[in-house]
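# Everything below, folded, please.
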Amino acid sequence: MKPFKWLSIMIFSLVLLVGCSYGGDKSSEKEGQGEANNSESSPQEGGKVSIPIVADPTFNPWHPNAFAESNLINRVLFSGLTKPGKDLLPAPDLATDWETSQDGLEWTFNLRDDVLWHDGEKFTAEDVVYTFNEITLNKELGANNASYFKDVKEVELVDEYTVKFLLESPVAALPAYLGFNTEIMPKHIFEGKDPWELTSFNKESPIGTGAFKLKKYTSGQSVVLERNDDYYGDKALLDEVEYKVLPDANTHIAQILSGELSIFSLDDLASIDRIEAADNVEVYARDTTRFFWLILNQEIEEFQDKTLRQAILHSIDRQNIIDTVLKGYGTIADAGIAPALQEYYTDDVKRYDYDPEKAKELLAEAGWTDSDGDGIVDKDGEPLAIDFSIGIQGDLEAVAQMVQQYLVEVGIDVKLNTLEWNTMIQDVVVDRNYEMTLNWWRYPADPDLTAYMHSENVKGNNIPGYQNKELDELLDAGAQVADIEERKEIYKETQELMAEELPYLFLWYPQEAQVRINELKGVPELAFGDALHYINEWYIEK
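Numbering: from 1, shown residues only. Presented below is the predicted three-dimensional model:
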């Protein structure tokens with residue numbers, strides 16, 4: 001796989017860079033107040049919302065350079081076959097319904113026949129076939145998120161409003177994948193052209209099918225969208241959606257407090273108290289399909305010892321980090337499937353409470369003891385020294401400093417290397433030149449974590465390079481079984497194995513801190529990125 005594809009996969013998978021938000025009783029109280037306020041008024045037309053983005057966007061969800069700042073806009077400009085439902089299960093969008101064959105190798109999607117592109121052209125099945133066969137499945141292009149469709153052989157045109165996905169092996173999560181930054185592109189504009197070089201579309205004048213269309217784009221300043229009166233769904237209530245290019249997170253906070261911004265996800269919770277104290281702003285807790293992790297490079301032999309990995313996890317007071325850096329807004333993770341996926345999540349797995357003495361016992365069991373009394377454990381005369389590389393983003397540095405201190409306290413010599421974000425991507429993700437790192441994954445609303453833990457993806461999103469035949473078999477089974485009850489059993493066993501083996505050292509499941517002005521109503525109880533699929537329901541209370 002080409003390096004730029006590595007970059008796109010990592011950045012895309014870290015979609016919507018957000019921090020962790022309210023948890024426990026405080027969360028429930030705050031959230032209840034907010035939703036009660038939403039019910040006090042009837043939806044009203046007019047007005048606009050302003051949303052911050054950190055850089056100029058790329059108006060093409062499949063483009064290798066379409067990162068978080070682009071996703072926030074592309075979800076509004078374009079439509080996918082499905083979208084996350086308000087229960088996080090796949091819901092209809094451009095597709096009205098779908099069904100799979102008995103062997104799971106064919107998925108048939110019936111499409112809406114009342115959709116127009118923003119330029120007035122009709123949307124048809126040919127747009128879907130073009131998007132997948134010519135962009136997504138073209139391995140030479142390295143499209144964003146193409147890895148989710150690695151088992152798709154081709155998409156077949158059945159008739160003007162029906163398509164069929166033909167698979168190499170069953171993919172139970174296909175409807176979920178089709179609603180996760182995989183929007184459909186217009187064939188009549190892209191056909192015969194390089195989809196990455198079409199600057200007139202990707203960087204200037206995009207044509208989508210969404211509830212809003214481009215009104216004005218000023219590079220380095222803003223993107224203004226206006227209501228699409230020909231939208232196939234319920235017509236949007238807002239007149240405009242403005243995306244303001246604001247790289248500095250402190251500016252986001254200042255402008256939400258002054259009313260110049262309307263809504264965003266808070267990266268760094270250090271300013272949460274200041275926001276909570278404001279009269280015109282609320283913060284809402286939103287569960288997400290994410291987990292934070294610490295990983296050890298499995299290409300290094302000593303890190304292949306799960307006892308060492310278990311010792312390290314026992315060394316870290318995760319609850320204290322949640323209470324201090326995350327302001328209590330997260331829950332300890334024991335595996336990769338987040339509580340947001342209520343159908344599949346279980347906490348009945350091996351736990352790693354903070355226990356420095358237990359950590360030292362496990363280190364000794366793995367052969368690491370402080371033989372010379374210098375405070376650092378060693379084996380065969382070599383100290384246990386680890387280079388800890390992290391990218392500077394949100395609260396990652398503050399978390400990493402606490403992790404470093406905890407590991408030092410049990411005798412591990414940890415050197416913390418803070419890197420500029422793109423440098424981290426190159427070193428850790430592309431070159432795999434690291435020993436230990438800390439980050440997170442966000443994934444579609446489905447428990448299939450094959451992309452992050454399967455042996456076949458050690459050159460992909462399996463950043464630790466972990467390989468385990470038993471885990472592979474469970475992941476394969478879960479990915480292929482469509483029956484929910486059967487999948488539940490498979491993923492319960494999968495989580496038990498994850499917790500025992502620790503392919504990732506699971507840290508916590510964060511909640512999103514969704515900050516928004518009191519006048520903004522109609523936002524569903526979803527994470528910010530998912531709520532954008534319902535932006536036609538948002539309104540300003542006047």
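
# C-alpha only now, for contacts and for neighbours.
Noted.

# just checking, what packs against the strand ranked longest in the chain?
Ranked by residue count under DSSP state E, the longest strand found in the chain is strand 505-517. Where contact means 3 or more Cα pairs under 8 Å, 6 or more residues apart in numbering; DSSP states H and E, strand 505-517 is packed against strand 263-265, strand 281-287, strand 290-296, helix 306-315, strand 330-332.

# Pull it out as PDB, backbone CA atoms only.
Provided in PDB are the C-alpha atoms of strand 505-517 (Å, rounded to 0.1, in the frame of the first residue of the first chain):
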ATOM      1  CA  LEU A 505      -3.700  -1.600  26.000                       C
ATOM      2  CA  PHE A 506      -7.200  -0.300  26.200                       C
ATOM      3  CA  LEU A 507      -7.500   2.900  28.200                       C
ATOM      4  CA  TRP A 508     -11.000   4.400  28.100                       C
ATOM      5  CA  TYR A 509     -14.200   4.900  26.100                       C
ATOM      6  CA  PRO A 510     -14.600   8.700  25.800                       C
ATOM      7  CA  GLN A 511     -17.700  10.700  25.500                       C
ATOM      8  CA  GLU A 512     -17.800  13.700  23.200                       C
ATOM      9  CA  ALA A 513     -18.200  17.100  24.800                       C
ATOM     10  CA  GLN A 514     -20.600  18.700  22.400                       C
ATOM     11  CA  VAL A 515     -20.700  22.500  23.000                       C
ATOM     12  CA  ARG A 516     -23.600  24.500  21.500                       C
ATOM     13  CA  ILE A 517     -25.400  27.700  22.000                       C
END
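
# Run through who's touching the helix or strand that it is followed by.
Going down the chain from strand 505-517, the next helix or strand is strand 520-521, by DSSP states H and E. Applying Cα atoms under 8 Å, 6 or more residues apart in numbering, the contact partners of strand 520-521 are 38, 43, 49, 262, 538-541.

# Let me see the contact set for K379.
367-369.

# Now render those as a markdown table, adding neighbour count.
Formatted as a markdown table, those follow (neighbours: other Cα atoms under 10 Å):
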| residue | neighbour count |
| --- | --- |
| G367 | 14 |
| W368 | 23 |
| T369 | 22 |
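
# Of these, just say which sits nearest to R442.
W368 (34.3 Å; Cα to Cα).

# okay but the closest one is in contact with D378, surely?
Yes. With contact defined as Cα atoms under 8 Å, W368 counts as touching D378 (5.1 Å).

# Overlap in contacts, those two.
L384.

# Residues contacting the lengthiest helix in the chain, please?
Ordering each helix of the chain by length in residues (DSSP state H) puts helix 484-501 first. For helix 484-501, the external contacting residues (Cα under 8 Å, 6+ apart) are 306, 334-337, 343-346, 348-351, 447, 471, 474-475, 477-478, 481, 504.

# Same question for stretch 328-345.
Taking Cα under 8 Å, 6+ apart as the rule, stretch 328-345 contacts 20-24, 88, 287-291, 318-319, 322-323, 346-347, 349-352, 445-447, 449, 487-488, 491-492, 495-496, 498-499, 502, 506-511.

# worst-scoring helix or strand of the protein, pLDDT-wise?
helix 24-38 (a mean of 37; mean pLDDT, DSSP states H and E).

# And the next helix or strand past that one?
Following helix 24-38 in sequence, per DSSP H and E, is strand 48-53.

# list the helices and strands the very next helix or strand once past that next one packs on?
The element immediately downstream of strand 48-53 (helix or strand, assigned by DSSP H and E) is helix 68-77. In terms of contacts (3+ Cα pairs under 8 Å, 6+ apart), helix 68-77 is packed against strand 212-218.

# what comes up buried for the strand it packs on?
212-214, 217 (16 or more other Cα atoms under 10 Å).

# and the helix or strand following that strand, which strands flank it?
Using DSSP H and E, the helix or strand that follows strand 212-218 towards the C-terminus is strand 222-227. Pairing partners of strand 222-227, with direction, according to DSSP bridges: strand 212-218 (antiparallel), strand 240-245 (antiparallel).

# Any idea which of these gets closest to A68?
Per Cα to Cα, nearest to A68 of the strands paired with strand 222-227: strand 240-245, 12.4 Å.

# Pull out the buried members of the contacts of stretch 328-345.
20-23, 88, 287-291, 318-319, 322, 346-347, 349, 351-352, 445-447, 449, 487-488, 491-492, 495-496, 498-499, 502, 506-511.

# Can you report how many residues lie near L157?
18 (other Cα atoms under 10 Å).

# so it touches V163, yeah?
Yes. Assessed by Cα under 8 Å, L157 is found in contact with V163 at 4.9 Å.

# can you list residues touching both of the two?
125, 129.

# what about the strands in the stretch 301-450 of the chain?
330-332, 378-379, 382-383, 385-391, 413-419, 436-442 (DSSP state E, counting those that start in this stretch).
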